[in-house]
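[1] mind folding the following:
(4 chains)
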Number of protein chains: 2
Amino acid sequence: MDVFAEQGYSGATISEIERRVGLAAGTGSLYRHFPSKEALLREAVEYEVTRCRTEAESARAGLPHVGDPVERQVQRFRQALQDIQRFDRLFRLMLNDGARVPELADAVWTAVGRRVERRATSEEDVLDAIALTSLGGYHLFSLMQGRPFNGVPEEQLIRLLAELSNPGVAGRQPAAS
Amino acid sequence: MDVFAEQGYSGATISEIERRVGLAAGTGSLYRHFPSKEALLREAVEYEVTRCRTEAESARAGLPHVGDPVERQVQRFRQALQDIQRFDRLFRLMLNDGARVPELADAVWTAVGRRVERRATSEEDVLDAIALTSLGGYHLFSLMQGRPFNGVPEEQLIRLLAELSNPGVAGRQPAAS
DNA sequence: GTCTATAACCAGATAGAC
DNA sequence: GTCTATCTGGTTATAGAC
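    Purely as a prediction, here's the structure:
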């Protein structure tokens, strides 16, 4: 998964993968374990998907109950960001070689935040989309910049996002007219 | 640029590039125009960067002045999203092969939204980051899903983002204690 | 289960005819 | 400026010794 996510499918060489798992590079020893490069990719993706799902689930299991609605949102968004970070390698693979593993997209989106099929226009839907896209964009942009995006710390982004997402508490009013 | 953005640097073949520009594939005719694949990439990136910058600038030039602060934000964000869409191929290249063209990152970030060097923690900074990351995440997630992310239309996302970004107007109050 | 040797292939790149 | 032909090296993949 590391090599596929870093180099993309075509950039990843069997030799490099052999090297990273401790096999002599360029010997084809990998083919005693997997029939082809494509088969290896599919098995790697499948393994990674279940690994991420399991981790995400157990992370949520040990979470204390929070009463305050804003704090509850903070907790939700922190989990969402951690999900995104966990799925990082799958996200990158989806962007680079999405067509190569068609079932990947479905697996990721159902795991991260269930995919909405209909046209979603309610304020709640859009608010939810803002939070998810902001966290996802923050993760990807931070990756590209090699540090927290534009110098904004993770926790601050989450807090403000949580405050904005609580219309009931903050009393934000819809646009005039 | 199309081939590099779609397939990544290693996935892009000279033959495919030749095919798309109308040369016979596999003949190496491309090498009468560029000395190497790497040189082609660098020139393609340079060309694309100036193209995007120019387009972004002229799009902003023809914009009417807007008085209402929320509407002004809507206009700003719409431009930002269009910038991101314009820079799409460069973004993808940055994610896939960022290390290959080091100067690419700087060029893109100064063009899209100037890069903030210091640690940015003021509410204004974070609000700005939310807008940018949300628009960027929306673009990338929509790409991955192959349609508007989670069924949320572009314009709705922009409007709500604009409303949220105007603390003065909406009277949102900071979180209690 | 790993390595040696090697096959088959394809990609990047070059020289030269037209 | 384009194509033919070709070289070279690297990549996937296989057969067989240990």
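[2] quick one, helices of chain A?
    A:2-11, A:14-20, A:37-61, A:69-86, A:88-97, A:102-112, A:123-145, A:154-164, A:167-170 (DSSP state H).
[3] is chain B within reach of the first one?
    Yes - applying Cβ under 8 Å from any Cβ of the partner chain, one finds helix A:2-11 in contact with chain B at A:7-11. For the C-beta atoms, the positions are set from N, CA and C on the backbone; glycine is no exception.
[4] okay, these in CSV with neighbour count and distance to DNA strand C next?
    Shown next, in CSV, are the residues of helix A:2-11 next to chain B (neighbours: other Cβ atoms under 10 Å in any protein chain shown; distance: Cβ to the nearest atom of the strand, whole Å):
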residue, neighbour count, distance to DNA strand C
A:7, 20, 14
A:8, 23, 13
A:9, 20, 13
A:10, 17, 8
A:11, 19, 11
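[5] of the residues you listed, closest to residue A:40?
    Among the residues of helix A:2-11 next to chain B, residue A:9 lies closest to residue A:40 (Cβ to Cβ), at 10.2 Å.
[6] middle-most residue in chain A, spatially?
    Nearest to the mean C-alpha position of chain A, counting by Cα atoms, centre = their mean, stands residue A:84 at 2.6 Å.
[7] surely that one meets residue A:135?
    Yes - Residue A:84 is in contact with residue A:135 according to Cβ atoms under 8 Å; the separation is 5.9 Å.
[8] thinking again about what came up before, wait, which of the residues of helix A:2-11 next to chain B is closest to residue B:51?
    residue A:8 (24.7 Å).
[9] now for that closest one: which residues touch it?
    Applying Cβ atoms under 8 Å, 6 or more residues apart in numbering or on different chains, we find residue A:8 in contact with A:93, A:96-97, B:8, B:10-11, B:96.
[10] what do you get if the cut-off is 10 Å, keeping everything else the same?
    By Cβ atoms under 10 Å, 6 or more residues apart in numbering or on different chains, the residues touching residue A:8 are A:92-93, A:95-97, A:100, B:7-11, B:95-97.
[11] mind giving me a markdown table with those and columns for distance to DNA strand D?
    Below are these laid out as a markdown table (distance: Cβ to the nearest atom of the strand, whole Å):
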| residue | distance to DNA strand D |
| --- | --- |
| A:92 | 18 |
| A:93 | 15 |
| A:95 | 20 |
| A:96 | 15 |
| A:97 | 13 |
| A:100 | 13 |
| B:7 | 15 |
| B:8 | 13 |
| B:9 | 12 |
| B:10 | 8 |
| B:11 | 11 |
| B:95 | 21 |
| B:96 | 16 |
| B:97 | 15 |
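[12] residue A:46: which of those is nearest?
    When the contacts of residue A:8 are compared against residue A:46 (criterion: Cβ to Cβ), the nearest one is residue A:93, at 12.3 Å.
[13] now the closest one: how far from residue B:3?
    To residue B:3, residue A:93 is 19 Å away according to Cβ to Cβ, to the nearest Å.
[14] where does pLDDT dip in chain A?
    Scanning chain A for pLDDT under 70 picks out A:167-177.
[15] coming back round to it: now the residue nearest to the centre of chain A: closest residue in space that isn't a chain neighbour?
    residue A:139 (4.9 Å; Cβ to Cβ, 6 or more residues apart in numbering or on different chains).
[16] contact partners for that neighbour?
    Contacts for residue A:139 (Cβ under 10 Å, 6+ apart) come out as A:81, A:83-85, A:87-88, A:91, A:149, A:154, B:133, B:137.
[17] looking at these, spot the one nearest residue B:116.
    Nearest to residue B:116 among the contacts of residue A:139 is residue A:149, at 8.8 Å by Cβ to Cβ.
[18] so that closest one sits right up against residue A:138, yeah?
    Yes - at 5.4 Å, residue A:149 counts as touching residue A:138 under the criterion of Cβ atoms under 10 Å.
[19] so what sits against both of these two?
    Common contacts of residue A:149 and residue A:138 (Cβ under 10 Å, 6+ apart): A:157, B:129, B:132-133, B:136.
[20] now the buried members of those.
    For the shared contacts of residue A:149 and residue A:138, a burial check counting by 16 or more other Cβ atoms under 10 Å in any protein chain shown picks out A:157, B:129, B:132-133, B:136.
[21] surely residue A:117 touches residue B:151?
    Yes - judged on Cβ under 10 Å, residue A:117 makes contact with residue B:151 at a distance of 6.9 Å.
[22] more neighbours, those two?
    Set residue A:117 next to residue B:151 and count neighbours by other Cβ atoms under 10 Å in any protein chain shown: residue B:151 wins out with 16 against 8.
[23] mind checking how far the closest residue to the more buried one other than its chain neighbours is from residue A:12?
    Nearest non-adjacent residue to residue B:151, counting by Cβ to Cβ, 6+ apart: residue A:120, 4.1 Å away. From residue A:120 across to residue A:12, the span is 36 Å (Cβ to Cβ).
[24] pick out whichever of the two has more residues nearby.
    Legend: neighbour count by other Cβ under 10 Å for residue A:120 and residue A:12, higher for residue A:12 (22 against 18).
[25] enumerate every residue touching the closest residue to the more buried one other than its chain neighbours.
    In this structure, residue A:12 finds its nearest non-sequential neighbour in residue A:3, 4.4 Å apart by Cβ to Cβ, 6+ apart. Residues near residue A:3 by Cβ under 10 Å, 6+ apart: A:9, A:11-14, A:16-17, A:19-21, A:40, A:44, A:89.
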